[in-house]
Every structure is written in structure tokens, then in C-alpha cells.
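Q: Would you be able to build a 3D model of this:
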Amino acid sequence: MTEDIDFEIDAEDLPQRAGERTLGSPSVIVDDLHITYRVFGGRRGGTTQTKTSLLNRAINLGRPDSGPITEVPAVRGVSFVAHHGETIGIVGTNGSGKSTLLRAVAGLLPPTKGRVFVSAEPALLGVNAALLPRLSGERNIMVGGLALGLNAKEVRERTQDVASFAELGDFLYLPMNAYSSGMASRLRFAISTITTPKILMIDEALATGDASFRKKSTARIEQIRDQAGTVFFVSHSLGSVRAMCTRVLWIDKGVLVADGDVDEVCDAYHEFVQGRKDASSGAKLR
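A: Residues are numbered from 1 along each chain as shown. Okay, the predicted model is just below:
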């Protein structure tokens with residue numbers, strides 16, 4: 001099982017601490033955001049069930065194992081404002097709603113309640129640059145670049161730079177299903193930053209790759225922030241969050257627990273996770 005906090009990155013491999021910058025105008029406004037998944041099936045602990053209408057029962061008629069609709073709250077009443085020039089870390093245990101929050105801000109999930117305002121089209125790493133396994137790396141760069149708004153000539157002019165950044169070598173011309181997971185991860189990052197997005201969202205993307213690639217990726221993130229962009233960074237590595245971010249959001253069970261200073265929020269989150277692990281260990285010993 002993935003650890004809630006990752007200590008595997010050596011201190012010398014971490015980037016230099018991000019300095020404070022003068023912030024620009026708001027780039028993302030999240031106002032009382034709720035995301036609730038509706039699941040067909042039986043009751044589960046911690047969820048609520050809604051009564052099914054006659055229409056719903058008619059729709060479900062003949063559906064295998066159909067039952068009452070179960071509502072699973074993934075994000076509950078989250079509000080914050082992000083500004084141009086910020087790098088915002090998002091921390092939380094597995095299943096806390098971090099990725100759901102990013103997908104909602106990116107416009108990939110409609111709010112159940114509340115509103116999201118963005119000043120530009122967000123680039124969610126690994127979604128905007130979805131890779132097609134049967135196509136070569138070169139063709140995936142073309143598809144990804146076109147999806148990000150470039151024309152074919154502009155993508156061709158940047159293909160070698162993207163391949164060099166992702167360290168593909170001769171694999172550029174091989175199909176994606178021949179790539180390792182690390183190579184595919186590097187290519188996703190390179191495609192997503194083929195332009196300079198005003199809002200970049202990174203969900204655990206820097207966990208793969210060696211120290212050299214992490215440093216290149218961090219430098220690219222700094223470049224985006226220097227050009228008045230906003231970066232959201234989801235990671236289990238508190239060392240990376242402390243080094244790269246100027247602000248941290250802590251999400252737990254879909255609720256925004258804390259929003260503020262990097263060290264204060266990371267320290268509180270670390271204490272919370274450590275306390276949970278100690279309690280779990282004590283229960284096993286008994």
C-alpha cells in the first residue's frame with residue numbers, strides 16, 4: 001500500500017526552497033465546492049442513500065445487481081482563492097479527495113454544489129496529455145500539442161525539444177506500449193508543458209524518475225511560476241512540497257482542514273499521519 005508520506009527523496013535531491021513572490025490577480029476561485037459520486041448498489045458505511053423515484057426504478061429495471069443509489073461525498077464545501085505566481089501544494093491521505101478536487105478545477109467533473117472560476121484553461125498533467133499506447137512517442141507529442149492549442153507546424157518545431165526533455169532517445173519513434181512507466185510519465189510532463197500554461201496541475205507526476213529529471217521538472221515549474229502562472233502540486237513527499245510550494249492546502253475526507261503557511265500545514269499534517277500510524281500499530285499489538 002502506498003505510504004501517506006514519502007521520505008524516499010534524499011535531501012540533496014530536493015530543489016532549492018521556493019522564495020516568496022509578489023502575487024498577481026486571482027487565477028482560480030473555488031466557492032463552496034461539493035463533489036458527490038452517485039453509485040448504484042447497496043449501502044456502505046459513511047455514505048447516504050437516496051430514495052429512488054419511479055423513473056429511476058424504471059431505468060434500473062433489468063440492471064444486474066441494481067439497487068438504491070448510494071451517494072459518496074468526495075469533496076465537501078471546499079473554498080479557496082489562488083493567485084498568479086503561487087505554487088500551491090495539496091496534501092492528504094489516500095482517498096482524501098485531492099485528485100477529485102484537481103479534476104473539478106480542471107473542468108473534468110461538474111460540481112454537485114458550488115462554483116469554480118478560472119482565468120485560463122487549466123492543464124492537468126496526465127489528462128491533457130493522455131497517451132495513446134499504440135501510437136509512437138512522436139505521434140503522441142503531435143496529438144498532445146494539438147490538444148493544447150498549437151498548430152501542426154508549431155508542434156513539429158517543438159517535438160525534438162519535448163523528446164530531449166523526456167529523455168526518450170530512439171524510443172521517440174517506438175509505440176508507447178514499449179515504454180516504461182517512468183518514460184511515459186516523463187513524456188506526459190514534457191507534453192503538458194510544451195506551452196507555458198497559466199494554470200498547471202500536477203498529480204503525483206514527479207514521483208517517477210531520477211534526481212536529474214526531478215530537478216529539470218522543478219526548474220520548469222519555477223519557469224511557469226516566474227511567468228505569472230499558478231501551479232497546483234499534489235504529492236505525498238512533504239520534502240518536495242516544502243521545497244517547491246509557497247502555500248499548502250490539507251484535504252481530509254473531502255474537507256479543507258488547513259490552508260496556509262507551508263511549514264505550519266506540513267508539520268500539522270505530518271503529526272496527524274504519524275499519530276494515525278502509532279494508533280494503528282498499538283491496535284495491532286493489542
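Q: what bridges to the residue nearest the centre of the chain?
A: Against the mean C-alpha coordinate of the chain, by CA atoms, centre = their mean, the closest residue is D203 at 2.6 Å. D203 forms beta bridges with V234, as assigned by DSSP bridges.
Q: State the mean pLDDT of stretch 266-275.
A: Across stretch 266-275, pLDDT averages out at 93.
Q: Ok, stretch 139-157 next?
A: Within the predicted structure, the mean pLDDT of stretch 139-157 is 91.
Q: can you check stretch 238-250 too?
A: 90.
Q: What of stretch 166-182?
A: The model assigns stretch 166-182 a mean pLDDT of 91.
Q: Could you double-check that the residue nearest to the centre of the chain sits in contact with A123?
A: No. Between D203 and A123 there is no contact under CB atoms under 8 Å: 11.6 Å. The C-beta positions use only the backbone N, C-alpha and C, and glycine is treated the same way.
Q: quick check, V72 in a strand?
A: Yes. Under DSSP: H, G, I helix; E, B strand; the rest coil, V72 falls within a strand.
Q: residue contacts, the residue lying closest to it once chain neighbours are set aside?
A: Excluding its sequence neighbours, the residue lying closest to V72 (CB to CB, 6 or more residues apart in numbering) is Y37, at 4.4 Å. Residues near Y37 by CB atoms under 8 Å, 6 or more residues apart in numbering: 71-72, 74.
Q: what's the answer for V39, then?
A: Under the criterion of CB under 8 Å, 6+ apart, the contact list for V39 reads 69-72.
Q: Report the beta-bridge partner residues of it.
A: On the basis of DSSP bridges, V39 is bridged to T70.
Q: Give me the pLDDT value at it.
A: Looking at V39, the pLDDT reads 78.
Q: ok, now R188?
A: 86.
Q: does it sit in a helix, a strand or a coil?
A: helix.
Q: Just give me the neighbour total for it.
A: Residue neighbour count, defined by other CB atoms under 10 Å, stands at 23 for R188.
Q: Go ahead and name everything in contact with the helix ranked longest in the chain.
A: Counting residues, the longest helix in the chain under DSSP state H turns out to be helix 262-285. The contact list for helix 262-285 (CB under 8 Å, 6+ apart) reads 4-5, 89, 91-93, 238, 241-242, 245-250, 252, 258-259.
Q: Can I get it in CSV, CA atoms only?
A: Only the C-alpha atoms of helix 262-285 are listed here, as CSV (Å, rounded to 0.1, in the frame of the first residue of the first chain):
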residue,chain,number,x,y,z
VAL,A,262,4.0,25.6,4.1
ASP,A,263,5.8,24.6,7.3
GLU,A,264,2.8,25.1,9.6
VAL,A,265,0.5,23.0,7.5
CYS,A,266,3.1,20.3,6.7
ASP,A,267,4.0,20.0,10.3
ALA,A,268,0.4,19.6,11.4
TYR,A,269,-0.2,17.1,8.6
HIS,A,270,2.9,15.1,9.5
GLU,A,271,1.8,14.9,13.2
PHE,A,272,-1.7,13.8,12.1
VAL,A,273,-0.4,11.0,9.9
GLN,A,274,2.2,9.9,12.5
GLY,A,275,-0.4,9.8,15.2
ARG,A,276,-2.7,7.6,13.0
LYS,A,277,0.2,5.2,12.3
ASP,A,278,1.1,5.0,16.0
ALA,A,279,-2.6,4.3,16.9
SER,A,280,-2.8,1.6,14.2
SER,A,281,0.4,0.0,15.4
GLY,A,282,-0.9,0.0,19.0
ALA,A,283,-4.1,-1.7,17.9
LYS,A,284,-2.2,-4.4,16.2
LEU,A,285,0.0,-5.1,19.2
